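**Student:** predicted model and sequence below, questions to follow.
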Amino acid sequence: MLLMAMILLPFAMKPTNAAGQLTVTVSTDKQSYDAGQLITITGQVLDTNLQGVALATVSIQVNDANGKPIHLASIISSMGGSFTDQFTIPADSFNGSYTVFATASKTGYTDASNQIVYTVVPEFSDMAWLMLLPICLAILVARKRKTTT
Amino acid sequence: MQMRKFWVVMLLISVCLIALVPSMHVRADEDESTTTSALTSLVSSTTTGESWTGIGDFVLKVDPPQHTVHLNEKSKNATYAVRVMALPGFSGEVQLDIKGLPEDSEHVFSHEEGVPNPVFQSVLRVEVGHSTAPGQYLLTIIATSQENGQHGDDQRSEGDDQIGAADHSEADEHSEIVHKATVILIVDGQPTTTDGHFEKRLQVRVSTNEEDYLKGAKVYIFGHVDLRHGDSIADALVSIQVLDPSGQTKHINSTKTNEAGHFSDLFTLSSDAVEGLYTVYVTASFAPYKDAVAKTTFTIGGSDAPSIHVTKVTVAKTDDTTPSEFHAGETVVVWITINNTGADLENGMIWVEIIDSNHVPISVVVVIATIHHGEQVKTGLQVVLGSNSPTGIYSVNSLVSNGEINKGGKFLDSEETTFAVT
């Protein structure tokens, strides 16, 4: 029984990939964006020796703060292992944290995943200016009264 | 006095009729599409490939011959009607490409390819960007057909046993018929610059003539290089690499794109080729742009991994018509055809992302489907355009994954198409 197990063990094990484990880095050009701004996602696929891996498929999914996918991309890494993706932040984006998920894969290697968070902040809208206006006026009036007394 | 007025009116009507009759006659000739000699004289045509005999292919016609776009107007687009008419004996598929577009402009064909039976029609829409330099641009519309749509049919050949042995002489068998027509685009007004800079990218697409091969078969690899939504790129350097299921390189070659941006390569699988999933990578280089990379897969004798191909993506209305343009508030139905020649894909995810003319992703929809080995799946996904959607050229990104990317899944194949919103 033990002999049988020893013979079958190599076949039962998940085959290891000869070329090794991939690593993927991912970053955005800024940490915070206004709605309507262009976002550039960059990264690099590396091997165990931290050398760039060309022709790896990088799958990208960007989720909003509620975990709903808002953008997808499938990119192949360049000769140096780098990749780039761009899109414009939707004008009706919710204020909050967004997450970029990236998975790198290539035949002969073990897949790698990574993620990064960016935030979307609302632009200072006309409504906000209108709300601020009475406060400014009140301050001016108060100062004027103070100087006259 | 009354009588004099009557004769003046009659004279005016006569003058109008005389002026209208010749133009009506010309219009009738242009629309008839039956007098081939008349149509042929309207276009400049060139033909490459040994198989062409001067008869038995097709004629290309583009109207109007000239369009003017004003940069200071809200609508900065020009549309041209493209017609391909088959001559007796021709039954091949024709693909449309364009060259000569101004920088910062995009284009979309309502139908990029089709079989003229006897006429195949498409609408070419050119969207001129804010920063386009005013001037006169000569646009060349190129219609290409592989010789009656046949290539790489000798799949059971017992030819060259050496994996990776490129057979350039055999590639010549895949001759092309090319016809060109030129039209003029005039851009006037004052260009403006914008703050955001969306990188103009080189784009390459690649396919093989089959998705599953027998050992010893000939593999025909073909594709196209262009600027994303822009010009086809001639003379781009294309490097081709085929990896076997273990990641070993089994074929490597380089070639250049032809005038229409197309490239092709042919190699023969060995008679003892390893069974499984093979990956074809192509890298296109053309200064000053960054290299573009694409891949496709094929199988030999099945595979223990899914081999997914998004073979066709079309956009239609809910009544199944395929319009040349959509409007804000309308529903767009994206039809995706997917083949799997590898292992079963359990709970695969079919995604559609719509990106508007300002590069804003406006919608992501997904369905879950199991695609078994040897199965073809056709799925329709609906997206409603917002009532204030901007006009321009929209992208449809169709992808298939083995799971959500945030849970370690990955995309197995993808395909992009475009449509216009007016």
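**Tutor:** Yes, it's here.
**Student:** which residues of the stretch 201-350 of chain B lie near chain A?
**Tutor:** B:241, B:243, B:245-247, B:277, B:279, B:281, B:283, B:290-291, B:293-295 (C-beta under 8 Å from any C-beta of the partner chain). Using the backbone N, CA and C atoms, a C-beta is placed for each residue, glycine as well.
**Student:** repeat the analysis, applying 6 Å as the threshold.
**Tutor:** With C-beta under 6 Å from any C-beta of the partner chain as the criterion, the stretch 201-350 of chain B meets chain A at residues B:243, B:247, B:279, B:281, B:293.
**Student:** for the nearest residue to the last one once chain neighbours are set aside, which residues make a bridge with it?
**Tutor:** Read that as B:Val293. Nearest residue to B:Val293, sequence neighbours excluded (C-beta to C-beta, 6 or more residues apart in numbering or on different chains): A:Ile76, at 4.0 Å. Counting by DSSP bridges, A:Ile76 forms beta bridges with A:Thr57.
**Student:** low pLDDT regions in chain A?
**Tutor:** Within chain A, the segments meeting pLDDT under 70 span A:1-19, A:122-133, A:136, A:147-149.
**Student:** for it, which residue gets nearest to chain B?
**Tutor:** A:Gly108 (2.8 Å; C-beta to the nearest C-beta).
**Student:** if you count neighbours, what's buried in the helix or strand where B:Val183 lies?
**Tutor:** B:Val183 belongs to strand B:176-188 when assigned by DSSP states H and E. The neighbour-count check on strand B:176-188 (16 or more other C-beta atoms under 10 Å in any protein chain shown) flags B:176-181, B:183, B:185, B:187 as buried.
**Student:** helices or strands up against it?
**Tutor:** Applying 3 or more C-beta pairs under 6 Å, 6 or more residues apart in numbering or on different chains; DSSP states H and E, we find strand B:176-188 packed against strand B:58-63, strand B:66-70, strand B:135-146.
**Student:** what's the mean pLDDT across the last one?
**Tutor:** In this model, strand B:135-146 carries a mean pLDDT of 91.
**Student:** CA atoms only for stretch B:206-223, dumped as PDB, please.
**Tutor:** Only the C-alpha atoms of stretch B:206-223 are listed here, as PDB (Å, rounded to 0.1, in the frame of the first residue of the first chain):
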ATOM      1  CA  VAL B 206      -3.900  38.000 -34.600                       C
ATOM      2  CA  SER B 207      -5.800  34.800 -35.600                       C
ATOM      3  CA  THR B 208      -5.100  31.400 -37.000                       C
ATOM      4  CA  ASN B 209      -7.100  29.800 -39.800                       C
ATOM      5  CA  GLU B 210      -8.200  27.000 -37.400                       C
ATOM      6  CA  GLU B 211      -8.700  26.700 -33.700                       C
ATOM      7  CA  ASP B 212      -7.700  23.000 -33.500                       C
ATOM      8  CA  TYR B 213      -5.100  21.200 -35.600                       C
ATOM      9  CA  LEU B 214      -3.900  17.700 -36.300                       C
ATOM     10  CA  LYS B 215      -0.200  16.900 -35.900                       C
ATOM     11  CA  GLY B 216       1.700  17.700 -39.100                       C
ATOM     12  CA  ALA B 217      -0.800  20.300 -40.100                       C
ATOM     13  CA  LYS B 218       0.000  23.700 -41.600                       C
ATOM     14  CA  VAL B 219      -0.800  26.600 -39.300                       C
ATOM     15  CA  TYR B 220      -1.700  29.900 -41.100                       C
ATOM     16  CA  ILE B 221      -1.300  32.900 -38.800                       C
ATOM     17  CA  PHE B 222      -2.600  36.300 -40.000                       C
ATOM     18  CA  GLY B 223      -3.500  39.600 -38.500                       C
END
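**Student:** where do the strands sit along the stretch 51-200 of chain B?
**Tutor:** Along the stretch 51-200 of chain B, the segments classed as strands by DSSP state E, counting those that start in this stretch run B:58-63, B:66-70, B:77-86, B:94-99, B:105-109, B:113-114, B:119-128, B:135-146, B:176-188.
**Student:** with chain A instead?
**Tutor:** A:20-21, A:23-28, A:32-34, A:38-46, A:57-63, A:69-76, A:82-88, A:96-105, A:109-110, A:112-121 (DSSP state E).
**Student:** residues of the third one that come out buried?
**Tutor:** For strand A:32-34, burial by neighbour count (16+ other C-beta under 10 Å) applies to A:Tyr33.
**Student:** please enumerate residues in contact with that strand?
**Tutor:** A:39, A:89, A:119-121, A:123 (C-beta atoms under 6 Å, 6 or more residues apart in numbering or on different chains).
**Student:** how's chain B carved up into domains?
**Tutor:** Taking automatic domain parsing as the domain assignment, the ranges for chain B are B:58-190+B:199-300, B:308-421.
**Student:** now the terminal residues of the shortest one, how far apart.
**Tutor:** By that I understand domain B:308-421. Start and end residues of domain B:308-421 are separated by 30 Å (C-alpha to C-alpha, to the nearest Å).
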